[in-house]
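> Sharing a model prediction with you, sequence too.
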Amino acid sequence: IAAAALGASAILLSSAAAFTVFKYAGALVLIWLGIRKLRGKDGKHTSLPVTRNSLRSAFLEGVVVNALNPKTALFFYAFLPQFVDVRQGNIAGQVVFLGLLFVGMGIINDVIYALAAGSLAGKLKNNKNMLRVQRRLTGGALLVLGMLAALVRPTHK
């Protein structure tokens, strides 16, 4: 959001070299996470209580993945400006407000998913078949997303 408000998305999209570096860094992070997930083991250790360190680690991974995701920059560059009214002034403030509104809606969505997952966790946490399927689907999805991210091209010419 801050980068979009400061115009970094526009800079990123106007520089082919910057976009390429950004794109491949994001793709590599997704592919690395996918391989790490696929190489993991199924078992009870995947359902251990989350520790403070693992929360920090998960948060930092999320920040890195989102910060290096070229589609995030493209989204904020292409989507938010449609709702900015230049006549109202304070364009950066409008972008920040819209970005925070987007984040707020995302949090509500994620909380709903977390509550649904929490209610199913007790039933599924010791099911080895489900853990294997989950690991493979998650790892495969991350690999595919990483490969697709590497193929992203700027929407302008």
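On my side now, so go ahead. Model, not experiment: these values are computed from the prediction.

> Spatially central residue in the protein, please.
The centroid of the chain falls nearest to residue 66 when counting by Cα atoms, centre = their mean (4.0 Å).

> Which residues are in contact with that one?
Listed by Cβ atoms under 8 Å, 6 or more residues apart in numbering, the contact set of residue 66 reads residue 72. No exception for glycine: its C-beta is placed from N, CA and C like everyone else's.

> what about it, distance to residue 17?
Residue 66 sits 22 Å away from residue 17, taking Cβ to Cβ, to the nearest Å as the criterion.

> ok now the biggest helix by length in the chain, how far from the chain's centre?
For the chain, the helix reaching the highest residue count under DSSP state H is reported as helix 91-124. Centroid separation for helix 91-124 versus its chain: 12 Å, with Cα atoms, centre = their mean, to the nearest Å.

> Now the element after it, going C-ward?
As assigned by DSSP states H and E, the chain's next helix or strand after helix 91-124 is helix 128-151.

> where does the chain dip in pLDDT?
Low-confidence segments of the chain, defined by pLDDT under 70: 1, 3-13, 42-53, 68-71, 73-74, 77-78, 154-157.

> What distance do you get for the residue located most distally from the centre of the chain to residue 107?
Farthest-out residue of the chain from its mean C-alpha position, per Cα atoms, centre = their mean: residue 87, at 32.6 Å. In this view, residue 87 and residue 107 are 30 Å apart by Cβ to Cβ.

> now residue 72
Plainly put, residue 72 is 16 Å away from residue 107 if you go by Cβ to Cβ.

> of the two, who's got more company?
residue 72 (18 against 10; other Cβ atoms under 10 Å).

> Please give me every residue in contact with the more buried one.
residue 66.

> Does the residue nearest to the centre of the chain lie in a helix or a strand, and which?
Per DSSP H and E: helix 52-67 holds residue 66.

> list the buried ones in that helix?
For helix 52-67, burial by neighbour count (16 or more other Cβ atoms under 10 Å) applies to residue 65.

> Dump it to CSV, keeping only the CA atoms.
Only the C-alpha atoms of helix 52-67 are listed here, as CSV (Å, rounded to 0.1, in the frame of the first residue of the first chain):
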residue,chain,number,x,y,z
ARG,A,52,6.2,-17.5,18.9
ASN,A,53,9.1,-18.1,16.7
SER,A,54,7.0,-19.9,14.1
LEU,A,55,4.5,-17.1,14.1
ARG,A,56,7.3,-14.6,13.4
SER,A,57,8.7,-16.8,10.7
ALA,A,58,5.3,-17.3,9.1
PHE,A,59,4.7,-13.5,9.2
LEU,A,60,8.1,-12.8,7.6
GLU,A,61,7.5,-15.4,4.9
GLY,A,62,4.1,-13.8,4.2
VAL,A,63,5.7,-10.3,4.0
VAL,A,64,8.4,-11.5,1.6
VAL,A,65,6.0,-13.4,-0.6
ASN,A,66,3.6,-10.5,-0.9
ALA,A,67,6.4,-7.9,-1.2
